[in-house]
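>>> sequence-free structure coming up:
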């Protein structure tokens, strides 16, 4: 009953008109884990409309948080929240039953490309999250 109540709470949150992109990413992954295909798909469809497509990759960023311009000698990395949010979207795409379709895997590879581009020289990211 605890899990059922928690899922009800998440469904209520997912039905709100204005959800932040970060919230949608978390909810999409939660519904993927819960096996709720319908909610997962609706959230992923909504997130796809907000995706940033650049240089053959896909990611998400928080509204109003435009990235700083790249400097020639320094490759800027996205804030940790963008990396984390994009990773949740990737997990939501890959956590589906039955296994993800080829089209979904192709889209997931564009997300993975962006995430891997955010690694620092030591292989880590800007956050420990």
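Everything's here; your move. Please read all numbers here as calculations on a predicted model, not as lab measurements. Numbers count the residues shown, from 1 in each chain.
>>> apart from its chain neighbours, what residue comes closest to the spatially most central residue of the chain?
Centroid check for the chain by CA atoms, centre = their mean gives residue 89 as the closest residue, at 2.5 Å. Leaving aside its chain neighbours, residue 89 sits nearest to residue 25 (4.9 Å; criterion: CB to CB, 6 or more residues apart in numbering). From N, CA and C alone the C-beta is placed, and that goes for glycine too.
>>> I'd like the next helix or strand past the lowest-mean-pLDDT helix or strand in the chain.
The helix or strand of the chain with the poorest confidence is helix 2-14; it has a mean of 89 (mean pLDDT, DSSP states H and E). Once the chain leaves helix 2-14, the next helix or strand it forms, by DSSP states H and E, is helix 21-34.
>>> surely residue 53 is in a helix?
No - applying DSSP: H, G, I helix; E, B strand; the rest coil, one finds residue 53 to be strand, outside a helix.
>>> and the average pLDDT for stretch 28-42 is what?
Average pLDDT, stretch 28-42: 94.
>>> for it, buried residues please.
Neighbour counts over stretch 28-42 (16 or more other CB atoms under 10 Å) mark 28, 29, 30, 31, 32, 34, 36, 39, 40, 42 as buried.
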